[in-house]
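Participant: Give the three-dimensional model of this entry:
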Amino acid sequence: MTSWDDASACSRALWHLVEPLHAITYFTPEARAAFEEAGLRGFWRGYFAGRAAPLGPVGAAPVIAAFYGFAPRMVTRALPDVWTRATPEAALAARAAGARAGLVRLLGGEPSEIARSAELTEAAALLREAAQAVDILGRPLGAANAALPWPQEPLDVIWHATTILREQRGDGHVAALLVEGLDGCESLALRTAIDIERAVLQLARGWTDEEWDAATARLIERGWLDAQGRPTETALAARKRIEAVTDRLASAPWHTLGPERTARLAALLEPFARAASAALPHPNPIGTARLTAT
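Facilitator: Residues are numbered from 1 along each chain as shown. Presented below is the predicted three-dimensional model:
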């Protein structure tokens, strides 16, 4: 049971609802088709162009820094090459169109019927207010998305707002990992020792076996993993600190909405997020669990 008076607890509860709605841009056929139509053939071209586009036509270095968990060589294969295939503006338009088409299908009904939904309209207004309250200092991806123009239709507002919220939260998560002294590969190796299969994360983030095993060895040397690769109490305590800092750094929107309106937003989003969650692979590299009816 979430304590709606605790903004950090709200931050975690709302992440479980926000993340699936944003993540359809990676996993739905509509999103893939929109990127391909824009000239971005292949999953990873669409991914890197769509996610990096708010930063402008950047090279690999800023994306390696901001995306954090990806092997640098995986980023340099995509950037800056993707900008010869589609401009950032075209990538932004493609991701918006793909997200909208995916949501229309997943939520059911005709687009006009969905747009007239009172619940959707109310959720969009609350989400927009929350997203406009994010802290952007030190959050490059959150700030870049927050600076984009707001769409007008409620369905588009929902996707745009969830994107701002999740990218700002991700920026804070990177800061928490840095404070604990974890590099990108180490953070993933630790996570797989706790609750996600190595095969899921390693393949999706592009690390070689040698790099992964070296990261694991460093965690063992630090006393975070035992000789069998299992997390120690030290590691579990650090994981708890990382998640607590991540929640706290993403809590400003829920301070702004307050307990009653945050609880109302969660209730409104739950069926939408559950529909989006059904379209995601499970397990997945972003760590979201399948949402089921409550």
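Participant: Which stretches in the stretch 151-294 of the chain count as helices?
Facilitator: With DSSP state H, counting those that start in this stretch applied, the stretch 151-294 of the chain shows helices at 154-179, 184-194, 198-205, 209-222, 233-249, 252-277, listed in chain order.
Participant: Can you give me the buried ones in the third one?
Facilitator: It refers to helix 198-205. Within helix 198-205, the residues that qualify as buried are 198, 200-202, 204-205, counting by 16 or more other C-beta atoms under 10 Å. C-beta here means a position set from N, CA and C on the backbone, and glycine is covered the same way.
Participant: What separation is there between residue 28 and residue 278?
Facilitator: 11 Å (C-beta to C-beta, to the nearest Å).
Participant: whoops, residue 227 was the one
Facilitator: 40 Å.
Participant: Those two: who's more crowded?
Facilitator: Set side by side, residue 227 and residue 278 show more neighbours around residue 278, with 13 against 6, by other C-beta atoms under 10 Å.
Participant: separation between that one and residue 43?
Facilitator: 20 Å.
Participant: can you check residue 267 too?
Facilitator: 34 Å.
Participant: could you give the mean pLDDT of stretch 39-56?
Facilitator: Per-residue pLDDT values over stretch 39-56 give a mean of 98.
Participant: Residues contacting it, please?
Facilitator: Outside of stretch 39-56, the residues within contact range by C-beta atoms under 8 Å, 6 or more residues apart in numbering are 25-26, 31-32, 35-36, 58, 62-63, 66-67, 74-75, 77-79, 81-83, 85-86, 88-92, 94-95, 140-141, 144-145, 147-148.
Participant: Over to stretch 267-279?
Facilitator: 14, 16-18, 20-21, 23-24, 27-28, 102-103, 106-108, 119-120, 122-123, 126-127, 158, 288, 290-294.
Participant: Distance from that stretch to the middle of the chain?
Facilitator: In terms of C-alpha atoms, centre = their mean, to the nearest Å, the centre of stretch 267-279 is found 15 Å from the chain centre.
Participant: Repeat that for stretch 58-76.
Facilitator: 16 Å.
Participant: which outside residues touch it?
Facilitator: Stretch 58-76 is contacted by residues 44, 48, 51-52, 55, 78-80, 140-141, 171, 174, 177, 184-185, 187-188, 201, 205-208, 211 when judged by C-beta under 8 Å, 6+ apart.
Participant: Give me the buried entries from the residues you listed.
Facilitator: Buried by 16+ other C-beta under 10 Å: 44, 48, 51-52, 55, 78-79, 140-141, 171, 174, 177, 184-185, 187-188, 201, 205-207, 211, out of the contacts of stretch 58-76.
Participant: Output the below-cut-off pLDDT ranges for the stretch 1-150 of the chain.
Facilitator: Where the stretch 1-150 of the chain drops to pLDDT under 70, the residues are 109-112, 115.
Participant: Break down it into its strands, ranges please.
Facilitator: For the stretch 1-150 of the chain, no strands are identified by DSSP state E, counting those that start in this stretch.
Participant: For the spatially most central residue of the chain, which residues are in contact?
Facilitator: For the chain, residue 166 is the residue whose C-alpha lies nearest the centre (C-alpha atoms, centre = their mean; 4.8 Å). Residue 166 makes contact with 15, 18-19, 22, according to C-beta under 8 Å, 6+ apart.
Participant: run the last query once more with 10 Å
Facilitator: By C-beta atoms under 10 Å, 6 or more residues apart in numbering, the residues touching residue 166 are 14-15, 18-23, 131, 141-142, 145, 250, 286.
Participant: for residue 148, same thing?
Facilitator: Counted by C-beta under 10 Å, 6+ apart, residue 148 has contacts 53-54, 92, 96, 160, 163-164.
Participant: how many neighbours does residue 35 have?
Facilitator: Using other C-beta under 10 Å: residue 35 sits among 28 other residues.
Participant: The one 4 residues further on too?
Facilitator: Summarising burial for residue 39: neighbours were counted as other C-beta under 10 Å, giving 17.
Participant: Could you tell me how far it is located from residue 77?
Facilitator: 17 Å.
Participant: same thing with residue 17?
Facilitator: Residue 17 is 33 Å from residue 77, by C-beta to C-beta.
Participant: before we move on, the earlier item: take the helices of the stretch 151-294 of the chain and write them to CSV, including mean pLDDT.
Facilitator: As requested, the helices of the stretch 151-294 of the chain are exported to CSV (pLDDT from 0 to 100):
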stretch, mean pLDDT
helix 154-179, 98
helix 184-194, 97
helix 198-205, 95
helix 209-222, 98
helix 233-249, 97
helix 252-277, 96
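Participant: Alright, I will stop here.
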